[in-house]
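Visitor: Sequence plus predicted model, see below.
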Amino acid sequence: MIRTLLIAGCAALLGVEPACGQDSIKVWTLNECLGYALENNIQLRQSRNDYLAGMEDTKQAQAALFPSLTASTSQGYTNYPSSNAVDKSSYTGTYGLEASMTLYGGGRLRTAVKQQKVQNQIDELMIEEAGNDIRIAIVEAYMQCLYAAEAVTVNRSTADASKLQRDRAEQMWLNGSISKVDFAQLESQYASDEYQVVVARTSLDNYLLQLKQLLELDITDEIQLATPQTDEAAVLHPLSAKTEIYARALDAMPEIARGSLAVEAARLGIKEARAGYLPTLSLSASVGTGHMSGNSFESGSQVWNRFNENIGVTLSIPIFSNRANRTAVNKAKLAVANSELEWLDLKKNLLQQVESAYLDAVSAQAQYQAAAEQQRYAQQSYELTSEQFAVGMKNTVELITAQNDLTTARHAVLQAKYMALLNIELLNIYQGGVVNANY
């Protein structure tokens with residue numbers, strides 16, 4: 001009976017049953033929430049743009065391996081105010097084309113390309129990491145909404161039961177079976193239970209608002225949640241060994257791979273710093289010409305007569321750099337040590353998250369079983385107390401106590417249920433799995 005009321009009331013609250021205007025309000029499943037958030041979340045879109053910007057940096061680093069080509073021209077006008085000058089003014093122009101290429105730079109350019117490719121992989125993993133953060137936030141908010149919706153149902157059921165007791169007590173008081181004090185106590189209990197319904201609805205509205213904000217929905221958008229297809233088997237779903245879950249999480253979670261790549265990038269930084277000790281060989285070539293007015297040559301002849309070609313090789317050998325190269329190498333080594341420590345810290349943080357979710361899931365499953373048993377006894381106690389109160393064998397205090405015990409037991413079941421479901425889903429995300437399709 002109670003289970004039926006809970007399911008029916010929750011379905012009505014979540015907007016699954018046909019209602020006026022429902023066609024204009026979208027009903028969201030958990031998977032739909034996740035898909036929409038991963039597509040529209042602002043932080044995730046920014047991460048994608050950062051990745052694309054990094055790809056442009058990689059293309060630039062690769063282009064540095066090839067020659068550069070520059071065209072230049074200059075035009076000038078010169079005035080000679082001296083009275084001895086034959087020509088009072090002159091107009092000059094130069095034109096040039098120059099190409100340059102680094103033949104050897106100690107491997108610095110190729111190392112830069114490798115670093116950029118590693119950074120691209122890191123940026124891509126950061127997109128996945130941001131996506132996982134969004135998944136976790138959405139799952140938590142969604143479960144909170146489901147819990148709040150069922151809590152409203154429980155409180156509404158309790159208030160309805162209080163109203164029945166209050167109406168029955170009114171007749172008993174009018175018949176002289178109970179005192180005015182007993183009737184007042186039941187009226188007070190009914191008012192208190194109605195107040196708890198209001199509190200529960202407010203809590204549900206707040207959780208729905210949080211979910212709506214995570215989805216980046218507009219203020220005019222309404223949101224309703226689909227009724228989850230979960231049963232006791234889903235709540236008590238058997239868990240793998242904690243060590244197995246952690247091992248899979250190490251392979252699945254993007255921040256662990258990101259930490260490994262950060263170490264690789266830092267080691268490339270040492271190679272780049274050591275290139276400062278090595279000589280640099282570069283090749284340059286150019287062609288140019290020019291002309292000047294007020295000269296004995298015609299403009300066209302000057303362009304040809306001044307035409308020149310040049311090719312050269314430059315070798316730069318570092319001899320003393322005021323310790324710049326040694327400092328760069330030492331700092332690069334420290335960067336490697338720090339990246340290794342950060343990688344270790346990422347693993348420890350993941351272990352903490354997995355252990356916490358695992359213990360919470362195990363605890364919630366045990367609490368669910370105990371709370372479900374307690375609810376059965378509380379239900380029986382309330383029904384017997386209610387029957388005995390009707391025939392004068394129990395007083396008002398005993399009836400209210402039995403009813404409050406039943407309400408407390410129902411909330412304990414709900415809390416344990418959604419705590420277990422939440423942490424099971426978190427463990428699933430940590431292992432790289434997809435969200436349960438029943439939500």
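Guide: Looks like it came in fine. Numbers count the residues shown, from 1 in each chain.

Visitor: Roughly how far does residue 35 sit from residue 434?
Guide: Residue 35 is 11 Å from residue 434, where distance means C-beta to C-beta, to the nearest Å. All C-beta spots, glycine's among them, are computed from the backbone N, C-alpha and C.

Visitor: Doesn't residue 170 belong to a helix?
Guide: Yes: assessed by DSSP: H, G, I helix; E, B strand; the rest coil, residue 170 belongs to a helix.

Visitor: For it, give me its contacts.
Guide: For residue 170, the residues meeting the contact criterion (C-beta atoms under 8 Å, 6 or more residues apart in numbering) are residue 183.

Visitor: Tell me how many other residues surround residue 310.
Guide: Number of residues near residue 310 (other C-beta atoms under 10 Å) recorded here: 11.

Visitor: And the strands in the chain?
Guide: Along the chain, counting by DSSP state E, strands occupy 27-28, 68-79, 89-104, 224-225, 280-292, 308-316.

Visitor: Mean neighbour count, those: which tops it?
Guide: With neighbours defined as mean count of other C-beta atoms under 10 Å, the strands of the chain peak in mean count at strand 224-225, which reaches a mean of 21.

Visitor: strands paired with it, and their directions?
Guide: Strand 224-225 has the following strand partners under DSSP bridges: strand 27-28 (parallel).

Visitor: and the partner strand, how far from the chain's centre?
Guide: On the basis of C-alpha atoms, centre = their mean, to the nearest Å, strand 27-28 sits 21 Å off its chain's mean C-alpha point.

Visitor: mean confidence for that strand?
Guide: Averaged across strand 27-28, pLDDT comes to 91.

Visitor: again, but for stretch 46-59
Guide: Stretch 46-59 comes out at a mean pLDDT of 95.

Visitor: Distance from the chain centre to it, please.
Guide: Centroid displacement of stretch 46-59 relative to its chain, using C-alpha atoms, centre = their mean, is 18 Å.

Visitor: before we move on, what about stretch 141-160?
Guide: Centre-to-centre, stretch 141-160 and its host chain are 28 Å apart (C-alpha atoms, centre = their mean).

Visitor: who touches that stretch?
Guide: Outside of stretch 141-160, the residues within contact range by C-beta under 8 Å, 6+ apart are 2, 5-6, 9-10, 13-14, 30, 33, 190, 193-194, 196-197, 199-201, 203-204, 207-208, 210-211, 214, 225, 228, 403, 406-407, 410-411, 414-415, 417-418, 421-422, 425, 439.

Visitor: Sort out for me which of these are in helices.
Guide: Judged by DSSP state H, these include 2, 5-6, 9-10, 13-14, 30, 33, 190, 193-194, 196-197, 199-201, 203-204, 207-208, 210-211, 214, 403, 406-407, 410-411, 414-415, 417-418, 421-422, 425 as members of helices.

Visitor: Which among these count as buried?
Guide: Neighbour-count burial within the ones in helices among the contacts of stretch 141-160 applies to 6, 9-10, 13-14, 30, 33, 190, 193-194, 196-197, 200-201, 203-204, 207-208, 210-211, 214, 403, 406-407, 410-411, 414-415, 417-418, 421-422, 425; the criterion is 16 or more other C-beta atoms under 10 Å.

Visitor: so who does the residue nearest to residue 128 when sequence neighbours are not counted touch?
Guide: Nearest non-adjacent residue to residue 128, counting by C-beta to C-beta, 6 or more residues apart in numbering: residue 254, 3.9 Å away. Residue 254 makes contacts with 125, 126, 128, 129, 132, as judged by C-beta under 8 Å, 6+ apart.
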